[in-house]
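Asker: Make a model of this:
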Amino acid sequence: MPRTKTDDPAAGKPKGKPAKPDMDARYMVPVVRSTFRILQELSSAGALGLNEITQRTRVAKSTVFRILTTLHHFGYVIRDSRRNYHISPSLADLVSETAGANALRTVAMPYMLNLRDRFGETVNLGHLNLDKVIYLEVVPSEYALRLSERPGASVPAHASALGKAILAFSPSSVAASLISERQLPMLTRNTITDPDEFHKELRRVKERGYSFDRGETSLLATCIGAPIVDARGRAIAAMSISGPTSRFSPRRDSEVVEGLLAATSAISRQFQRGGTPQPEAPSRRERKADKASAASLRA
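Answerer: Numbers count the residues shown, from 1 in each chain. Reported below is the predicted structural model:
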């Protein structure tokens, strides 16, 4: 959504008065910040030379060189014959899929419990694995009649609210690979199996920000889902609320939808902290700190 004038955090502030300093920024270690800027650029580009990394990150070249040398020494980056740097598998191994899933569960759980207590229905957290969505966590409804899966179970991505939410906020190639040269299985008479109609459904999900499963995985179940996105707006997971259709059939403007979107937005913001797709230019103070950090690395 484009930012309006009233969205500007500086709007309405008296001229001449400096903005209140970010308390967290006072405790940042410049060389650590520079290291993650470098890793972010290598992660998005795949391979970069020293000069390219310096230009992209706007970190002092001497600092970039020493950070890369240190990462290379410990095997976290690879330098090829063209003198380009790549992230190595050793670095990827530091953050395993299990660690990422545990982080998602930890952050999401308070919101899941709140949604369950507020609306009384089952709340699910899941991520995409090929053509399936794997349930990472489930907070079941306390009703005697309820719908709930167990963590580790899976559901076809094309038929579930979780899967639609993730696919709609993923690169188009992800959805294309899901349906290329294969048929979408029909689970109920409501399941979307036509590729063109499925692409239209994903566009609708992207426009409104949430998805529905109205009897597509089970005729007895209704589910709404919303994505959890990273700083680039790409889904890393999704959360849903599900219940028996006889009791749970929320409208698009309902409090259930608003509550779910508020929860996934709050979770997304926590995963977006600490990095942006395009790093800002370092301030004068940061440039001085970079020089100091380079001197400390030489020691």
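Asker: Residue 259 falls within a helix, correct?
Answerer: Yes: counting by DSSP: H, G, I helix; E, B strand; the rest coil, residue 259 is located in a helix.
Asker: Now do the buried residues in stretch 68-81.
Answerer: By 16 or more other CB atoms under 10 Å, the buried positions in stretch 68-81 come out as 68, 71, 76-79. For the C-beta atoms, the positions are set from N, CA and C on the backbone; glycine is no exception.
Asker: Determine which two of those are furthest apart.
Answerer: 76 and 79 (11.5 Å; CB to CB).
Asker: May I see the buried residues of the lengthiest helix in the chain?
Answerer: The residue-count maximum for a helix in the chain (DSSP state H) belongs to helix 97-119. Buried residues in helix 97-119, counted by 16+ other CB under 10 Å: 101, 104, 107-108, 111-112, 115-116, 119.
Asker: Looking at whichever strand or helix holds residue 173 now, give me its mean pLDDT.
Answerer: Assigned by DSSP states H and E, residue 173 belongs to helix 172-179. Average pLDDT, helix 172-179: 84.
Asker: What helices and strands are in contact with that helix?
Answerer: helix 161-168, helix 195-208 (3 or more CB pairs under 8 Å, 6 or more residues apart in numbering; DSSP states H and E).
Asker: who's in contact with it?
Answerer: 128, 131, 157-158, 167-168, 195, 198-199, 202 (CB atoms under 8 Å, 6 or more residues apart in numbering).
Asker: Which one (most neighbours) among those residues?
Answerer: The most crowded member of the contacts of helix 172-179, judged by other CB atoms under 10 Å, is residue 167 (30 neighbours).
Asker: circling back to that earlier point, Serialize the buried residues of stretch 68-81 to a markdown table and add fields for secondary structure, distance to residue 261 and pLDDT.
Answerer: Output for the buried residues of stretch 68-81, formatted as a markdown table (DSSP: H, G, I helix; E, B strand; the rest coil; distance: CB to CB, whole Å; pLDDT from 0 to 100):
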| residue | secondary structure | distance to residue 261 | pLDDT |
| --- | --- | --- | --- |
| 68 | helix | 41 | 93 |
| 71 | helix | 39 | 89 |
| 76 | coil | 37 | 81 |
| 77 | strand | 39 | 84 |
| 78 | strand | 41 | 80 |
| 79 | strand | 45 | 80 |
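Asker: wait, which of those is closest to residue 264?
Answerer: Out of the buried residues of stretch 68-81, the member with the shortest distance to residue 264 (by CB to CB) is residue 76, at 32.1 Å.
Asker: Could you pull up phi and psi at that closest one?
Answerer: phi -90, psi -20 (degrees, to the nearest 10).
Asker: and it, how far is that from residue 50?
Answerer: 16 Å (CB to CB, to the nearest Å).
Asker: same deal with residue 149?
Answerer: 49 Å.
Asker: again, but for residue 224
Answerer: From residue 224 to residue 50 the distance is 49 Å (CB to CB).
Asker: so which helix or strand takes in residue 63?
Answerer: helix 61-73.
Asker: now for that helix, which elements pack on it?
Answerer: So helix 61-73, by 3+ CB pairs under 8 Å, 6+ apart, packs with helix 30-45, helix 50-57, strand 77-79, helix 284-298.
Asker: switch the cut-off to 6 Å
Answerer: helix 30-45, helix 50-57, helix 284-298 (3 or more CB pairs under 6 Å, 6 or more residues apart in numbering; DSSP states H and E).
Asker: Would you indicate which residues of the longest one are buried?
Answerer: Across helix 30-45, burial judged by 16+ other CB under 10 Å covers 30-31, 33-35, 37-42.
Asker: and if you look at the second one?
Answerer: Neighbour-count burial for helix 50-57 flags 52-54, 56-57 (criterion: 16+ other CB under 10 Å).
Asker: any low-confidence regions in the stretch 51-200 of the chain?
Answerer: With pLDDT under 70 as the threshold, the stretch 51-200 of the chain has low-confidence stretches at 89-90, 92-99, 181.
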